[in-house]
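# Give me a model of this one.
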Amino acid sequence: MKIREFMQRNYKHFNAAVCVDAAEAWITLLNEPGKMMVTLGGAMSTAELGISLAEMIRQDKIHAITCTGANLEEDIFNLVAHSHYLRLPNYRSLSKTDEYDLLKKGMNRVTDTCIPEETAIRFIEKEIIGLWQKADADKKSYFPYEYMYQLLELPSIQNRFDIDPKDSWVYAAKAKKLPIYCPGWEDSSLANIFTGHYVKKDISTLNIVKSGLEQMVHLIEWYRQQSKSYKMGFFQIGGGISGDFPICVVPLMHQDLHEKVPLWSYFCQISDSTTSLGSYSGAVPNEKITWGKLNIDTPSFVIESDATIVAPLIFNYVLNN
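This next block holds a predicted model:
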C-alpha cells in the first residue's frame, strides 16, 4: 500500500484528517498551476528532513525555501559528518553532569542528537573561511545560501560526503537553483564563527554576507515574477522568523509598494505551539487575514503535531510514494 492510500484509509479525523486535506490541497495548487514556498523552523535538518524534502525539491513540488541559519548549516554538517553524530535516546534523563561531559567531548546536543564540533562545525569553518576571504578580496557579496552552494562545489567537501547526497535538501536545492532565504542568519553557528573572524581581522568587512533586507528585496522580485503565472503556496514548518519573514512579502508589496499582486493561495502550518498571547507560532491562519497575508477564501490548514513525524508523511503523500 502506498503512503497516500494508507493515509486516505486511516487518517480520517482530527490532525490526521488535516494532513490528508493539506496534502490534497498542495497537489491541487501545483496542478492549477502553482508554486510552493516551504519554511523551516526548529532543527529540521538535524532531524534529517532532507531524506524526504530533497525528493520534493527534485520533483519540482517545492520552488523556494525559507529557513533559519541553523537549518541551512545543519544540513551541510550532516552531509559531511553524519557517522560522527551521537544519538541519545535517553536525552530526557540526562543530568547536568552528563550535559557537561558532552560539552567536553565536543558534542553539541539538539534534543536526542549531538552534532560533533570538530568533524562537522570546525571542518566546515576551515572550508568556508576561504570562500569568505575570496569574496572579501574580490569585493563581492553573497547570500548565506550562495556560500553553501559554493561549498558544495569544493572537492574537499565532495570528498567528505558522509551520506548519500540525495538525502541533503541543500544539495537538491543547489541542483534546482532554488533561492533559499535565511532571515536572521546571524543566529547560527557559522554566523558566530564569521563574526569572530571579522573581529580578528581575518575578514575586512561584514558586507560580504548579504543582509536580511537584501534578502527581502530579492524575495519581492521572486514573488513578483512567479505570481504573474502561478498561484503561490506557503507551507510553514514551525514558526518564528522563518515563517513570518517570507509571508510578509505580500502585505509589503500591497501596502508599501502599492503593487497589485495576488495573496498567498494556500497556507498550511505544522506546529505544536498552543495559541497564546502574542505567539506567532500559535497564531491561527485567520489572524493572517488581518495583516493582508491571506484571503478569506485561501485554503488554510493547521496541523497541531510534531513536524518531524507529519512533514515526511505529507511530502510522501504529495510524491505518491
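
# Test for you: state the pLDDT assigned to His254.
Per-residue pLDDT puts His254 at 98.

# In contact with the closest residue to it other than its chain neighbours, which residues are there?
Distance criterion CB to CB, 6 or more residues apart in numbering; nearest residue to His254, sequence neighbours excluded, is Gly292 at 5.7 Å. From N, CA and C alone the C-beta is placed, and that goes for glycine too. Residues in contact with Gly292, defined by CB atoms under 8 Å, 6 or more residues apart in numbering, are Val250, Pro251, His254, Gln255, Leu263.

# What segments of the stretch 201-321 of the chain are helices?
Taking DSSP state H, counting those that start in this stretch as the criterion, the stretch 201-321 of the chain carries its helices at 212-226, 241-247, 249-251, 285-290, 307-319.

# Save these as TSV, and put in distance to Ala120, mean neighbour count and mean pLDDT too.
Below are the helices of the stretch 201-321 of the chain laid out as TSV (distance: least, CB to CB, whole Å; neighbours: other CB atoms under 10 Å; pLDDT from 0 to 100):
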stretch	distance to Ala120	mean neighbour count	mean pLDDT
helix 212-226	25	16	98
helix 241-247	21	22	96
helix 249-251	33	21	98
helix 285-290	36	15	94
helix 307-319	20	21	98
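
# Among those, which comes closest to Asn71?
helix 241-247 (7.4 Å; CB to CB).

# What count of nearby residues applies to the nearest residue to Pro299 once chain neighbours are set aside?
Leaving aside its sequence neighbours, Pro299 sits nearest to Ala25 (CB to CB, 6+ apart; 4.7 Å). Residues lying near Ala25 (other CB atoms under 10 Å) number 18.

# To which secondary structure element is Ala25 assigned?
helix 14-31 (DSSP states H and E).

# Could you pull out the buried residues of that helix?
Judged by neighbour count (16 or more other CB atoms under 10 Å), helix 14-31 contains these buried residues: Ala16, Val18, Cys19, Val20, Ala22, Ala23, Glu24, Ala25, Trp26, Leu29, Leu30.

# from what I can see the second one touches Ser300, true?
Okay, so that is Val18. No - using CB atoms under 8 Å, Val18 is not in contact with Ser300, being 10.4 Å away.

# Pretty sure Met36 sits in a helix.
No - the assignment for Met36, made by DSSP: H, G, I helix; E, B strand; the rest coil, is strand rather than a helix.
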